[in-house]
Every structure is written in C-alpha cells, then in structure tokens.
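Participant: Predicted structure and sequence below. I'll ask about it afterward.
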Amino acid sequence: MNKIETLHLENGLTIYLYPDSRRHSTFFQFITLFGGEMKDFQYQQKEYHFQDGIAHILEHYLVECNEEGNFIELLGKKQMNTNASTYINMTRFYFETVEDVSYGIQTLLDGIYHVSFKEEALEKLKNPIYQEIRGKMNNRFYHNSLLTFQNLFHSISFRSVGGSLEEVEKVTIDDLQVCYDAFYRPNNQMIFIAGNYNRDEVLTVIQDFYKKMSFDTSPVTLLSPNEPAAVVKEKDILYFPTPLEHVDITYKVDIHSMDSKEQLKLDFYLGCFYNSFFGMVSPLYQKMVEEKVISNSIHCSETRVGDYLLISIGGYTHNAKVFQEEILKAIQEMDFFDEESFELDKKSSMVRVLLRDENIMNMIMPFVENVITYHYPYLDSVQDIEHLNFEEFTSMIRRLDFSHYTIVTIKEKESSS
C-alpha cells in the first residue's frame, strides 16, 4: 500500500499526496474547515453569531458567483466528475479526472479565491437554495431531525446544515464576506490528491498559485457554548404522514474526555455494538420480529455535534410503546455483547479495507475522515483492526453515558371527526 505524503506550505496549507500509478484517474479534494455548526466565532476582536445555513450558502456562492465562472460547469465540460458539499464540520470541493489535472486544480482554486461579494448576486443565488429547502418539506425524517436537535440542546443552536427559509433569507452579503475572510484561508484548509498524477507538476501548480496570494492572519476562535448533558425534552410527537409509526431514540453522549485515538476506536466499536444489539441476527431484533413489533430493520447511526456524540436508534413499528421499552431496556442492561459477532465484524472490516484499494474514492475518504474528525493523519490498516479486542469493545461501550436521550415518534394526526 502506498504511503500518504504530508506537506505543509509556509502559508499554513496542508497537502496530502497519495500517488498510485495503477489508477487511470486522479481524485482532487479541497477542504475548508468551515461547516454547519461553526457559526459562532470571534474574529478581529469581534464576536459573530450567525444562523444555520451560512456555510452552505457560502459554498454555493463560491461555486456559482465567483469571478471566473461556475467552476463545476467549467470542469464538467472537461468530462470531470465534480461537485461541492457542506457538512457539519467542513465544506469540500472536488473533482475526479483522467486528464487535465493541472487545469482542474487551477480552475477550482481560481473559483474559490477569485471572488467578489455583491448583494445582487447573493439575492439571485438564494432562489435555488429556497427550492432545495422546500424540497425537504415532504420528508418526515428532515422534520424528525430538526425536532430531535431542538429537544437535545439548550445552548447549542445548530439544527441543520442548510438552514430554514427564514434563516437563509436573513443572510447578507456582509455575513458571507466575514465568514469567507475568517475561514477561507490556507491555515484552515487542506488539499488531498490521490491517484495517477505527476507529483512535481501538481505541486508546482499549487505553490505557484499561492505565491500570488496574501491572506489575513488574524486568529479565529470558535465559541463553544456551555452545553449541559441533560436534554431539553425527553419525549415528543411529530404528526406527519407515515405508513407506520416511526420511533427514533437519540442518546446525547458526552465524549469530550476521550482523546482522538479513543474516539477513532469508538467509531469502529459502535458498528460492532449496533450489530450485536440491533442487527438482523441479534436476539432483540429476532424477538421483536417474532412478536410483530417490527417487520423491517432497526436503523442505527451517530452524529457529532460539539462535545457530544448523538447515537440514534429507531425504526418503523407496529407497537411504538413496546419498541421504545425494548430499546431502552437493551441499552440500560447491556446484555447483548457477543464475542462471536464481534470477531465476524472484525473479519468483515478487514475485507472492506482490502477491497477499498479497488476504488480511489473508497481509499481516500476514510483517510479524510481520520484527518478531519480524529486529527489522525493515517489510513486504517488491517493490522489496526486486528489489534482491536472484545474486552476493550465492551469496556468502551459500557463507559458511555446513555442516561440522556430524547424520543421522537412520527405518527399520523388523529382525525377530529
């Protein structure tokens, strides 16, 4: 397996290089550490508190309203697979191509850094964003997510990456300018290049580009509210058209005391936890199917917001009351740890690590996740998984505090007639 090379430019930009001459294509990814939750910060001796959606709007503005033209369209004309997206903790712009790598890099960087902020351009840009938000209005899980975050957090105001119609409407061009100046600077950015490319050529393109640029170096401090562990509300009902009632139990788990390596291990162990406790071969799943509480899978997922890991367990159910009771009981008693299932999960993970070498995106994205989420600039290996063990798995899961949670039930509104 090729070694990933790390370079740091004098301006603070970090570049990760993963050359692989076996590939036909090159994957280039540009990341700014500015995402949906990063809307409260101090910059140039002033505090700013923005609404949800501002990072997402800025992403659209850079793509569509820069001085060079819509660079996704420009790259698309060269048959490059390209896009941009905003997450909770970052914004990324990328392309994949089999040729014209240098052109792709120059075009993408030109678009991101050659931008002027004009009110009329922003107002025009808002219309497709409004349509994007309206498109979610018929999605029950979108509303479920908003209600869940509302019930979980006292001080953290984050609800969604995209924001609401009202929040988007309030964004001004000055807001975008401040966020751009504060976060779109090399010491807050990373470039990942993987695949078949000329190392010296792409580095020359990048270095020559930044030689012409100057950036504000004023410090930016993210403001973290003092968020208590307790939730705002433990139970709620979302009345929305649904084929069956749907229950979602979201645990608010404080992980601030875990270091980055522990959190990285936890990421793997949570997958084993979900399979052992709620997977299709788990005793709990089998029991609820036999008792006709559920007829489909139990979904499990996690999201990181601030110092909290939000662990969600839910599904469609024929009996919401029993479903809730069984999940809560399973978490409280912690009786479903299964060493045989754990070892099978390890073997499956090793196979996935070996197979991801077949696809450059599958190879580099876990590395990106390690760098940004866990500050761990290494790619997981088969040996890393081999070192994980059942005793540590059970101990780490049992250490988590599952005492704070909210339950949202989606159900049809009862007829008044």
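Facilitator: Looks like it arrived, so ask away.
Participant: Name every strand pairing with the host helix or strand of G314 and say which way it goes.
Facilitator: Assigned by DSSP states H and E, G314 belongs to strand 308-317. Applying DSSP bridges, strand 308-317 is found paired with strand 245-254 (antiparallel), strand 299-305 (antiparallel).
Participant: which outside residues touch that strand?
Facilitator: 148, 152, 227, 242-255, 266, 270, 278, 293-304, 323, 327, 331, 400, 402 (CB atoms under 8 Å, 6 or more residues apart in numbering). Backbone N, C-alpha and C define where each C-beta goes, glycine included.
Participant: just the strands in the chain please.
Facilitator: Here the chain has its strands, by DSSP state E, at 5-8, 14-19, 26-32, 40-43, 46-49, 81-86, 91-97, 189-195, 220-222, 235-239, 245-254, 299-305, 308-317, 405-411.
Participant: a markdown table for those strands, including mean neighbour count and mean pLDDT?
Facilitator: Formatted as a markdown table, the strands of the chain follow (neighbours: other CB atoms under 10 Å; pLDDT from 0 to 100):
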| stretch | mean neighbour count | mean pLDDT |
| --- | --- | --- |
| strand 5-8 | 12 | 96 |
| strand 14-19 | 19 | 95 |
| strand 26-32 | 23 | 97 |
| strand 40-43 | 17 | 97 |
| strand 46-49 | 11 | 97 |
| strand 81-86 | 17 | 96 |
| strand 91-97 | 22 | 96 |
| strand 189-195 | 22 | 96 |
| strand 220-222 | 15 | 96 |
| strand 235-239 | 15 | 98 |
| strand 245-254 | 22 | 98 |
| strand 299-305 | 16 | 97 |
| strand 308-317 | 22 | 98 |
| strand 405-411 | 22 | 98 |
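Participant: how about the closest residue to N198 other than its chain neighbours, what does it touch?
Facilitator: Distances taken as CB to CB, 6 or more residues apart in numbering place V101 nearest to N198, at 7.7 Å, with adjacent residues excluded. Counting by CB under 8 Å, 6+ apart, V101 makes contact with 26, 28, 197-198, 201-202.
Participant: Okay, the closest residue to R199 other than its chain neighbours and C272: tell me how far apart.
Facilitator: Leaving aside its sequence neighbours, R199 sits nearest to P19 (CB to CB, 6+ apart; 5.8 Å). Between P19 and C272 the computed distance is 34 Å (CB to CB, to the nearest Å).
Participant: Could you do G104 as well?
Facilitator: Distance of G104 to C272, given as CB to CB: 39 Å.
Participant: just the helices in the stretch 51-200 of the chain please.
Facilitator: Along the stretch 51-200 of the chain, counting by DSSP state H, counting those that start in this stretch, helices occupy 54-64, 71-76, 101-113, 119-134, 140-152, 165-170, 173-183, 199-211.
Participant: Relative to G135, which of the strands of the chain is closest?
Facilitator: Across the strands of the chain, G135 has its closest neighbour in strand 81-86 (15.7 Å, CB to CB).
Participant: now the strands of the chain as CSV including distance to N389?
Facilitator: Formatted as CSV, the strands of the chain follow (distance: least, CB to CB, whole Å):
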stretch, distance to N389
strand 5-8, 30
strand 14-19, 30
strand 26-32, 33
strand 40-43, 40
strand 46-49, 45
strand 81-86, 36
strand 91-97, 34
strand 189-195, 31
strand 220-222, 35
strand 235-239, 37
strand 245-254, 22
strand 299-305, 21
strand 308-317, 21
strand 405-411, 28
